[in-house]
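>>> Provide a 3D model corresponding to the input given below.
(chains A, B, C and D)
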Number of protein chains: 2
Amino acid sequence: MPRGREKITPLMHRVLQTLSASRVHLTAEEILECLEGVGRATVYRALDRLCEQGLINRLSLESGTSVYEYVREPHMHFVCRECGNLYDIPAEFASSLEQIMTKCGHSIVKTDVTAYGVCKNCRMAE
Amino acid sequence: MPRGREKITPLMHRVLQTLSASRVHLTAEEILECLEGVGRATVYRALDRLCEQGLINRLSLESGTSVYEYVREPHMHFVCRECGNLYDIPAEFASSLEQIMTKCGHSIVKTDVTAYGVCKNCRMAE
DNA sequence: TACAATAATGATACAGAGTCTCAAAAACGA
DNA sequence: TCGTTTTTGAGACTCTGTATCATTATTGTA
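Got it, this is the predicted structure:
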């Protein structure tokens, strides 16, 4: 379990801070904007390494872009197709999911549960 | 529920056939290759419309690319980070997932459960 | 401290996936 | 049949993300 032992460079630290301070999920470009004067490649590198180390999560959305989040408790995601908002939903069965996959013989590193639809607010507004 | 009522153009039909005939998940570019002489934009358009109509599924992977599959029974996915293979895993709790999301007030159109790790074959091979 | 080796960074060119535009072709309807 | 609408294909374009490489910072060691 390679987790948290690896080195964290100054820039990785800044990225981590940006993400942990943000209440929302950020794209790589948004993080790039937050960190003025920092090279694009450097940000992408930092994001990759932080993902590897399990400190942040990359979420690949339907839209084709990825968003990043600071890792807190395990949870699921809901993406509203109307307003584009991304909601965190408390995880209730992360463990049973893992059991099922393990039963199939695979060993899981990460699970990603995302639902798409119309959120409460958008339904109200219609 | 806008499902299956909409028109299917000749090209959408060919894309649908390609996908239903394939045992594996195909990228847009792979489908493009299967259908020689067909324009790139046309294939992407057909894939979008088939997704909207719920006849096929788009899966947005960690790698940044999307793959498409013909819609059969609900199931989950497992992606091996070693060999890149994508496995279908029988769904066991699609309904309870939907219940949880609904409890949050959102209405779900599609759910996407994908796990990443190392598959059985790759673990054996090590 | 000084010096060499290693790692991190930034600029920029590049690649791949997907989108946009628009004119030509096909299908449709009266 | 003739005009309208839809579908299609070509190609330019955009947007994310990657690769390269020279510069700068960090680290270890004598």
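>>> is stretch A:31-42 anywhere near DNA strand D?
Yes - Stretch A:31-42 comes into contact with DNA strand D (CB under 7 Å from any atom of the strand), by way of A:40-41. From N, CA and C alone the C-beta is placed, and that goes for glycine too.
>>> quick check: end-to-end length of that stretch?
11 Å (CA to CA, to the nearest Å).
>>> bridging residues for the nearest residue to A:T114 once chain neighbours are set aside?
Excluding its sequence neighbours, the residue lying closest to A:T114 (CB to CB, 6 or more residues apart in numbering or on different chains) is A:H77, at 4.4 Å. Assessed by DSSP bridges, A:H77 has beta-bridge partners A:D88, A:T114.
>>> quick check: A:H77 touching A:N57?
No - checked against CB atoms under 8 Å, the pair A:H77 and A:N57 is beyond contact range at 9.7 Å.
>>> for the least confident helix or strand in chain A by mean pLDDT, give me every contacting residue.
Least confident helix or strand of chain A, by mean pLDDT, DSSP states H and E, is helix A:94-103 with a mean of 80. Residues outside helix A:94-103 that contact it (CB atoms under 8 Å, 6 or more residues apart in numbering or on different chains) are A:74, A:108, A:111, A:113, B:76, B:78, B:89, B:92-93, B:113, B:115, B:117.
>>> chain B contacts on chain A?
With the criterion set to CB under 8 Å from any CB of the partner chain, chain A comes near chain B through A:58, A:60-64, A:66, A:76, A:78, A:80-81, A:87, A:89, A:92-93, A:96-98, A:100-101, A:104-120, A:123.
>>> hmm, which of those residues are the buried ones?
With burial judged by 16 or more other CB atoms under 10 Å in any protein chain shown, the buried subset of those is A:58, A:60-62, A:66, A:76, A:78, A:80, A:87, A:89, A:92-93, A:97-98, A:100-101, A:104, A:106, A:108, A:111-119.
>>> pLDDT averaged over the helix or strand containing A:R14 - what is it?
Assigned by DSSP states H and E, A:R14 falls within helix A:10-21. What helix A:10-21 shows for mean pLDDT is 95.
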